[in-house]
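Participant: What would the 3D arrangement of this be:
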Amino acid sequence: MTLEKIYLDYTQQELDDAYDQPLWAPNFRQLLDASKVRCGALRRRMKNHLVYYGDGEEQAIEILPASTDDAPVLVFVHGGRWKPASGDPYIWFADTVVDLGVHFVAAKFSTLDPPTRSTRLPDMVDDLYKAFAWLYANVKGFGGNPERIHVIGHSSGAHLTGVLLTTDWTALGLPADILKSATCVSGIYDMHPVLLSARSSYVELSSEEEDRLSAIRHADRIACPVVVAYGSLESPEFKRHGRTFAAALREAGVLREETVLEGKNHFEGIRTMMDPETPLARVVFSMVAEAP
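Facilitator: Residues are numbered from 1 along each chain as shown. Down below sits the predicted model:
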């Protein structure tokens with residue numbers, strides 16, 4: 001019996017599996033546990049503080065400042081399937097960033113957990129708008145330069161980063177070029193196949209929302225240099241997202257680099273940021289250093 005293909009050459013089960021990253025990363029649990037331990041150690045060792053840009057518990061940013069005044073800022077948008085994660089394990093490469101004289105900011109925002117909460121994906125994007133508005137207005141308070149804000153996102157955080165890149169910031173009262181560079185690691189850039197997969201059980205979008213939140217369809221709106229990175233050991237679908245988004249950015253003239261992280265799975269690629277000499281870290285910090 002031939003199974004029906006529901007998207008490209010995927011059957012329903014194959015598409016569901018393609019969006020289930022732990023299936024492709026047998027060391028997922030060990031990496032997550034190690035990240036929690038490392039983040040706890042960094043919080044004990046490094047200066048850090050949490051500030052709230054909204055009334056919700058998750059509407060916060062964690063700042064680990066560099067010792068340099070008027071320094072650039074690197075904002076990390078975490079992944080996790082747009083769902084909650086325990087322990088806030090999202091600062092594991094903060095020391096690398098701070099040691100290079102760059103402020104590290106970890107963005108927190110509402111996540112999806114139906115039926116426990118009513119948050120939707122557009123609400124998550126709205127939270128990030130508020131986070132960047134707060135950051136732009138207050139960054140000088142911890143020695144940052146509001147004209148040197150950069151962003152890096154991983155997995156569903158890379159999806160959200162793509163949405164930030166295609167945003168009309170002037171409509172929010174912010175500079176059109178608030179983001180000076182962006183790095184999207186192991187992300188999703190077209191919501192259509194996601195809504196055909198098992199993730200549709202908790203991600204619901206109208207057709208207009210699907211279009212608005214699919215960065216690849218609006219690559220012509222992006223004005224800053226962008227790095228697209230993905231691991232060679234990720235699922236074929238995540239590698240396809242990376243290749244096609246990089247191609248769209250290349251056509252739009254804003255692709256800085258398409259970086260294939262050889263021998264890395266979905267969870268290992270972003271963790272190469274802990275070493276400033278890895279290919280991903282080098283290109284990220286080169287963009288940060290070059291921005292005026």
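Participant: For the residue nearest the centre of the chain, name its beta-bridge partners.
Facilitator: Closest to where the C-alpha atoms of the chain average out (CA atoms, centre = their mean) is residue 153, at 1.8 Å. Note on residue 153: beta-bridge partners by DSSP bridges are residue 77, residue 184.
Participant: check contacts around it.
Facilitator: Residues in contact with residue 153 (CB atoms under 8 Å, 6 or more residues apart in numbering) are 76-79, 159-162, 182-185, 187. (C-beta placed from N, C-alpha, C; glycine too.)
Participant: cool, residue 100 as well?
Facilitator: Per CB under 8 Å, 6+ apart, neighbours of residue 100: 66, 276, 285.
Participant: Tell me, what's the model's pLDDT at it?
Facilitator: With respect to pLDDT, residue 100 scores 96.
Participant: Distance of it relative to residue 181?
Facilitator: 15 Å (CB to CB, to the nearest Å).
Participant: again, but for residue 66
Facilitator: Residue 66 is 17 Å from residue 181, where distance means CB to CB.
Participant: And these two? Which one has more around it.
Facilitator: The neighbour count for residue 66 versus residue 181, taken as other CB atoms under 10 Å, is higher for residue 181 (24 against 21).
Participant: Give me the mean pLDDT for stretch 113-129.
Facilitator: So the average pLDDT for stretch 113-129 ends up being 95.
Participant: and it, how far out from the chain's middle?
Facilitator: 16 Å (CA atoms, centre = their mean, to the nearest Å).
Participant: what's next to that stretch, contact-wise?
Facilitator: Here stretch 113-129 has contacts from 54, 56, 58-59, 77, 82-84, 107, 109-112, 160, 163-164, 167, 172, 202-205, 209, 213, using CB under 8 Å, 6+ apart.
Participant: So which of those residues are in helices?
Facilitator: 160, 163, 164, 209 (DSSP state H).
Participant: Out of those residues, which is nearest to residue 3?
Facilitator: Nearest to residue 3, judged by CB to CB, of the ones in helices among the contacts of stretch 113-129 is residue 209 at 29.9 Å.
Participant: so residue 59 touches residue 111, yeah?
Facilitator: No. Assessed by CB atoms under 8 Å, residue 59 is found out of contact with residue 111, at 11.2 Å.
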